[in-house]
Every structure is written in structure tokens, then in C-alpha cells.
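> can't give you the sequence, but here's the structure:
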């Protein structure tokens, strides 16, 4: 995923949280891929340039970034709808390949 695009999504224009955002990107990529398939022979090429994958990861990183505190007075800990929608679409189209 492109760090600059993620930073635009979360409205960050500085670099002192880049390491945190990169960690969130790694977590989100893993979470999305594992939500589509847990196969040991996962077809990682399926996720390259996949707009549903990019949308899910971007939205999930934004969710992680906005909800990073262990508690809040705002109950907004649900995964954004767009993430689940993209995952369901990828599950329906996913293939192992050869």
C-alpha cells in the first residue's frame, strides 16, 4: 500500500507518525488477506492492484488510526461497513490459481 495515499485518507501531513501508519498498514493487509482466505497456498497475486483490497486496507488503517486508544467516550469500535463489503466481494471472486 502507498503510505502517501494512506496519509491523505487519515489527513496526516507530517512524518512523525509514519512508523505507526506503516505498522497499521501491515496489520490491515494481514487482517484483510486472512479474512478472504486462510489457505496455506494463498494466491497473493490476487490482491495486487485489486481495488477492493486497496479500499479495505485503506479504510481499516483509518479505523485503526482513529481508534488507537484503549478506551473512548465515543463508541465507534465497529469495523467500517466498506471494509466488510470489500472483503465479501473479494471472497466471492477469490481463486487459488495454479
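Perfect, I can see it now. In this text, all values refer to a predicted model and were calculated from it rather than measured experimentally.
> shaky segments in this protein?
Along the chain, the parts satisfying pLDDT under 70 run over 69-77, 97-98.
> Which parts of it are helices?
Taking DSSP state H to define them, one finds helices in the chain at 3-9, 18-36, 51-66, 81-93.
> and among these, the most buried is which?
helix 51-66 (a mean of 20; mean count of other Cβ atoms under 10 Å). C-betas here are computed from N, CA, C, even on glycine.
> That one packs against which elements?
The criterion is 3 or more Cβ pairs under 8 Å, 6 or more residues apart in numbering; DSSP states H and E, and the helices and strands that helix 51-66 contacts are helix 3-9, helix 18-36, helix 81-93.
> Quick one: residues in contact with the last one.
Going back to what we said before, that points to helix 81-93. For helix 81-93, the external contacting residues (Cβ atoms under 8 Å, 6 or more residues apart in numbering) are 32, 35-37, 46-47, 50, 52-53, 55-56, 59-60, 63.
> now these as a markdown table including distance to residue 82?
As requested, these are arranged in a markdown table below (distance: Cβ to Cβ, whole Å):
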| residue | distance to residue 82 |
| --- | --- |
| 32 | 12 |
| 35 | 13 |
| 36 | 15 |
| 37 | 20 |
| 46 | 19 |
| 47 | 17 |
| 50 | 14 |
| 52 | 10 |
| 53 | 12 |
| 55 | 6 |
| 56 | 7 |
| 59 | 5 |
| 60 | 9 |
| 63 | 10 |
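> between those residues, which is nearest residue 95?
Of all those, residue 95 sits closest to residue 46, with 6.8 Å by Cβ to Cβ.
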